[in-house]
Structures are given as C-alpha cells and as structure tokens.
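*Asks:* Prediction below, plus the sequence it came from.
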Amino acid sequence: MRTFEEMYNYVKDLPPKTIAVAQAADEDVLEAIKEAHERGIVKAILVGDKEKIERIASSILMPLKEHEIIDTKNNLEACREAVKIVSEGKADILMKGLVQTAEILRVVLDKEIGLRTGRTLSHVAVFESPYNRLILLTDAAMNIAPDLKVKIDIILNAVDVARQIGIDAPRVAVLGAVETVNPDMQATLDAAILSKMSERGQIKGAIIDGPLALDNALSVEAARHKGIISPVAGNADILLVPDIEAGNMLYKAITYIAERRIAGIIMGAKRPIVLTSRADSSEAKFNSIMLASLASNV
C-alpha cells in the first residue's frame, strides 16, 4: 500500500470492525466514526453521556440506529466500560474520546480488566511520503526515553503494523544524529546493537540497520553520497526514533510543515488503540480508525 486511498480500497472489502469509544461525546471523534461507518469500516459502541452523544450526533447529522450507546457520565466509568468491552472480545478496537490519555491508559494497563500482553505499548504512525510508499514512524507519543529492551518491543509493534499494510519484511532504520557509532551518543550504541541482533536472527521479521541519519535512511542518493552500504539506507519502511522528543517533533513536522497525510495508533495491547490528539484533523482520526481496523487482524 502506497497511499491511504489504497489502504481504504483494501479495508472497505473487509467485514466491518466494532470500535468501543470511551467518553464518546466529542464532535471530532463522532465525525470520524460517522465517516468510518458510512464508508463501511466500523460500527461503534459509544460509551458516555447519552444525552450529549445524541445532541452532538444530531448536530452533525449522524444516525445512531446502527450504533450502541452505553450511558455513563463519569470518565473513569466510561474508560472501564469501553476497555472491558474490548477485553471481553465484544469490540475489535478501543478509541479514546473526551478523556485524558493518562485516564484511559491507566485502565488499559489494569491487571483485572485491562489489555496487557506483556509487550510494551508504543505509538505507531503511518504517513504518505514523497518516496511512493507509506512509511512508519515510532515512537512519537508513548515512551519517553526507551532503553534497548523497550526499543525491541517498539520495533516488533511497528513490524506487526507494517505487515498489515503489505510490507512482509520491513526495513527498519534506527535513527540518530549521525550514521557512525559514537560512544558518547547512546542512540548510536543502541542502533549498533539492534542491527547486530537483527543480523543474528535475535529480532525476527525485519531488516534492521543503524545508526542512520534521517536523510540517508530515506534517500538513496544521500546514502550513496555518504558511501553508506546498507540494505536499509535509502529504503527504510520504519523509522525508529531515539526518544519521544525526536519522534514528536518529526511527527509534527510531517503533519504541519510537509503537510503529509498521517495516521497513528497504539500497539502492544490485546487490541489496537486509536488515541489521537485533539489537534489532529478529522482526516487523521479517520485514517487512524482505518489503520486500527487493519491492525486488529494481527
């Protein structure tokens, strides 16, 4: 898949998934659900204040007869109910509505009703690129300063998503400020270790190399100019950033400077989680629902 349009052309022929929304009384969220339902991707279980949900739905001309509403006023109760629905297999996808990220994640990690798998939760973004392919970016929203062990989980989560968009053996570029190992730069040391682990088959399902600077991870010409010989350089499918600051700034640059279409989901739980920012466009929310629909097949 090279574009979100190609992704939609694939997803629309799949059976629609069920998405549980925690505190669904939010216009942007309901707009995204409305579009995803009209285009045959999902049906929803809307958890939250029923009166508010119905009022917002009416204002955006969203029919509710094919969706279920579970009436609850309290944020914690809404999160617990939505997570429980997903945990019990009654929904395929969890989505954050009008609640704080920390509130819903606290319930996701609850040992009794949560969605733990033992793997680290991480954010996986997918964006359209000028290189005629979809590229994945991770982790721009969850893990602040991941160590080597966490980075392995982050890679595995991204690989799961890559496979669902048609990349069977994704190339992972472990990003740094430079493309050489520097003992004073931990990101380059981690990159070298991850590369060797991949080479020895300790991390399966992907081709990993690094450290690579962003230019030579994406551009064949830049890699050739710097004399880098690598199966990943210039052809990266997944960009693994060293920390949340780098990831968040790159995500925002892709969105606001490059103006590329983008989607983002949380992986590593039993089911994918659509956890978008209120600043994300309705298109980004729709794309994220579409991506979660694909990722729910993992």
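*Replies:* Now that the structure is in, tell me what you want to look at.
*Asks:* Can you give me the buried ones in the helix or strand containing Ser195?
*Replies:* Taking DSSP states H and E as the definition, one finds Ser195 inside helix 186-199. Within helix 186-199, the residues that count as buried by 16 or more other Cβ atoms under 10 Å are Ala187, Thr188, Leu189, Asp190, Ala191, Ala192, Ile193, Leu194, Ser195, Met197, Ser198. Quick note: C-beta positions are derived from backbone N, CA and C, even for glycine.
*Asks:* And stretch 156-172, by the same measure?
*Replies:* Those would be 156-165, 167, 170-172, for stretch 156-172 by 16+ other Cβ under 10 Å.
*Asks:* How far away from the center of its chain is it?
*Replies:* Per Cα atoms, centre = their mean, to the nearest Å, the displacement of stretch 156-172 from the mean C-alpha position of its chain is 12 Å.
*Asks:* Would you work out how far apart the start and end of it are?
*Replies:* One end of stretch 156-172 sits 10 Å from the other (Cα to Cα, to the nearest Å).
*Asks:* Would you list the phi and psi of Ile238?
*Replies:* Phi and psi for Ile238, reported as degrees, to the nearest 10, are phi -120, psi 130.
*Asks:* surely it meets Val172?
*Replies:* Yes. Using Cβ atoms under 8 Å, Ile238 is in contact with Val172, at 4.4 Å.
*Asks:* quick one: common contacting residues for those two?
*Replies:* Common contacts of Ile238 and Val172 (Cβ atoms under 8 Å, 6 or more residues apart in numbering): Ile155, Ala158, Val159, Ala206.
*Asks:* and of those, the nearest to Ile257?
*Replies:* Closest to Ile257 out of these is Ala158 (22.8 Å), distances taken as Cβ to Cβ.
*Asks:* Now do that closest one against Glu199, distance only.
*Replies:* With distances taken as Cβ to Cβ, to the nearest Å, Ala158 is found 19 Å from Glu199.
*Asks:* Same question for Ala141.
*Replies:* The value you get for Ala141 to Glu199, if Cβ to Cβ is used, is 29 Å.
*Asks:* Then Ala233?
*Replies:* Distance from Ala233 to Glu199, by Cβ to Cβ: 15 Å.
*Asks:* Next: Ala25.
*Replies:* 51 Å.
*Asks:* show me the contacts for Arg106.
*Replies:* So Arg106 contacts Cys79 (Cβ under 8 Å, 6+ apart).
*Asks:* Going forward, count from 731.
*Replies:* Got it, first residue is 731 now, which makes that one Arg836.
*Asks:* which residues of the stretch 781-930 of the chain fall in helices?
*Replies:* 805-817, 831-838, 878-894, 916-929 (DSSP state H, counting those that start in this stretch).
*Asks:* how about the CA coordinates for the last one, as PDB?
*Replies:* Yep, that's helix 916-929 we're talking about. The C-alpha trace of helix 916-929 is given here as PDB (Å, rounded to 0.1, in the frame of the first residue of the first chain):
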ATOM      1  CA  GLN A 916      23.600   6.300  23.400                       C
ATOM      2  CA  ALA A 917      21.300   6.200  20.500                       C
ATOM      3  CA  THR A 918      24.100   5.100  18.200                       C
ATOM      4  CA  LEU A 919      25.200   2.400  20.600                       C
ATOM      5  CA  ASP A 920      21.600   1.100  20.800                       C
ATOM      6  CA  ALA A 921      21.400   1.200  17.000                       C
ATOM      7  CA  ALA A 922      24.500  -0.900  16.500                       C
ATOM      8  CA  ILE A 923      23.300  -3.500  19.000                       C
ATOM      9  CA  LEU A 924      19.800  -3.700  17.400                       C
ATOM     10  CA  SER A 925      21.500  -4.100  14.000                       C
ATOM     11  CA  LYS A 926      23.700  -6.900  15.200                       C
ATOM     12  CA  MET A 927      20.700  -8.600  16.900                       C
ATOM     13  CA  SER A 928      18.800  -8.500  13.600                       C
ATOM     14  CA  GLU A 929      21.800  -9.800  11.700                       C
END
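*Asks:* Now do that helix, average pLDDT.
*Replies:* Over the span of helix 916-929, the pLDDT mean works out to 97.
*Asks:* Show me this protein divided up by domain.
*Replies:* 734-846+999-1025, 852-987 (automatic domain parsing).
*Asks:* would TSV of these with distance to Ala993 be doable?
*Replies:* Output for the domains of the chain, formatted as TSV (distance: least, Cβ to Cβ, whole Å):
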stretch	distance to Ala993
domain 734-846+999-1025	4
domain 852-987	5
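*Asks:* Assign the residue positioned nearest the centre of the chain to helix, strand or coil.
*Replies:* Nearest residue to the geometric centre of the chain (Cα atoms, centre = their mean): Ile995, 2.5 Å. For Ile995, the secondary structure call by DSSP: H, G, I helix; E, B strand; the rest coil comes out as strand.
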